[in-house]
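J.: let me see the structure of the following:
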Amino acid sequence: MTGGLLGQSSSVGPMLLLTTIGRRSGQPRIVPLLYMEDGGRFVVVGSNGGRPAPPAWLLNLGAHPEAEVQVGRLHYRVQAEVLHGDARGDLWDRLGRFYAGWAHYQTLTDRSIPVVVLTPVRS
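T.: Predicted coordinates:
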């Protein structure tokens with residue numbers, strides 16, 4: 001309704017709208033997420049608040065890694081990549097400094113909380 005003007009920031013940082021394709025339904029699913037910008041890429045975290053199960057949007061990206069991001073009024077087609085190993089570790093440290101809640105969520109679950117990079121692609 002606001003064209004992205006409202007809701008693009010929160011008390012803890014910037015927010016984006018991620019549109020994925022439902023892995024079972026095939027329907028678009030939109031979720032607001034806190035993100036960290038990284039050299040023109042958007043970095044999001046599949047914390048699900050520290051719950052044992054990953055968030056549905058992450059499972060959707062596993063089935064369909066092409067997605068759309070809205071930041072303010074800007075829309076981007078993106079390709080999702082879940083980071084592993086050293087790539088995840090290096091970014092995880094920065095993410096913890098960006099928002100300490102993610103590190104806290106990691107203490108609540110046995111699963112390794114995924115770090116996902118959303119890279120804009122040209123259409």
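J.: now do the contacts for the residue nearest to V78 when sequence neighbours are not counted.
T.: Computed as CB to CB, 6 or more residues apart in numbering, the closest residue to V78 that is not its neighbour in sequence is L118, at 4.1 Å. Using the backbone N, CA and C atoms, a C-beta is placed for each residue, glycine as well. The contact partners of L118, by CB atoms under 8 Å, 6 or more residues apart in numbering, come to L18, Y35, R41, F42, V43, V44, A67, V69, Y76, V78, Q79, A80.
J.: report the central residue of the chain.
T.: Nearest to the geometric centre of the chain sits V44, at 2.8 Å (CA atoms, centre = their mean).
J.: per-residue confidence at that residue?
T.: We have a pLDDT of 98 for V44.
J.: for it, phi and psi?
T.: phi -120, psi 160 (degrees, to the nearest 10).
J.: bridging residues for it?
T.: Beta-bridge pairing for V44 (DSSP bridges): V116.
J.: and the contacts of L118, which of them are in helices?
T.: If you go by DSSP state H, these have nothing in helices.
J.: what's the longest strand belonging to the chain in contact with?
T.: Counting by DSSP state E, the longest strand found in the chain is strand 74-82. With CB under 8 Å, 6+ apart as the test, strand 74-82 has contacts from 4, 42, 46, 58, 61-62, 65-70, 114-121, 123.
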